[in-house]
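> got a sequence here, can you build the structure:
(one chain, ligands or ions: 1)
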Amino acid sequence: MTNGQSDRWYRAAATSDIEDDDVLGVIVGDYGQHEIAVYKIGGAYFATGDRCTHQRARLSDGLVIDDCIECPLHQGRFHIATGRAKSRPVSIPLQTYPTRIEEDAVFVLIAEPDAA
Ligand code: FES
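Model (predicted):
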């Protein structure tokens, strides 16, 4: 029995594509269906959805401030590691994704719906 989803690792970027304390927006998935923001914070890699939960601005156009991403549109902030909404006007958390490094690339784990 399954929950109708399968986890799948996608290559998101080369590790060298992301500066320390910065973010890179990528699109992954066989049909380009996942907009992901990949971060490098203190040497560790994190991933969240790339669209703000307030009005869908692209977070990878925002600023990394300490351990948060600040949305470029209304300056709401999310905690990068947990996706938690930290300041108004955002209140809905971001989806976060596990990451792993393999052969100088960052991979993100995404749950895909099973084919019918
Ligand atoms: Fe991100 Fe409004 S769209 S805070």
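> residues touching the nearest residue to Thr96 once chain neighbours are set aside, list them.
Leaving aside its chain neighbours, Thr96 sits nearest to Gly83 (4.3 Å; criterion: C-beta to C-beta, 6 or more residues apart in numbering). To be clear about C-beta, it is placed using only N, CA and C from the backbone, and glycine gets the same treatment. By C-beta atoms under 8 Å, 6 or more residues apart in numbering, Gly83 lies in contact with Thr48, Gly49, Pro93, Leu94, Gln95, Thr96.
> the last one contacts Ala47, doesn't it?
Meaning Thr96. Yes. Thr96 is within contact range of Ala47, at 6.8 Å (criterion: C-beta atoms under 8 Å).
> what number of residues lie near Phe78?
The local packing of Phe78 (other C-beta atoms under 10 Å) involves 29 other residues.
> shift numbering so it begins at 41
Sure, I'll start numbering at 41, so the last one becomes Phe118.
> now it: how far from the ligand?
9 Å (C-beta to the nearest ligand atom, to the nearest Å).
> doesn't that residue fall inside a helix?
No. When DSSP: H, G, I helix; E, B strand; the rest coil is applied, Phe118 is found to be strand, with no helix at that position.
> pairing partners for it in the sheet, please.
Taking DSSP bridges, one obtains Ile109, Ala125 as the residues bridged to Phe118.
> from the ligand, how far off is the residue nearest to the spatial centre of the chain?
Most central in the chain under C-alpha atoms, centre = their mean is Thr88, positioned 2.0 Å from the mean C-alpha point. Thr88 sits 13 Å away from the ligand, going by C-beta to the nearest ligand atom.
> and what of Lys126?
Relative to the ligand, and taking C-beta to the nearest ligand atom, Lys126 is found at 11 Å.
> right, I'll leave it there.
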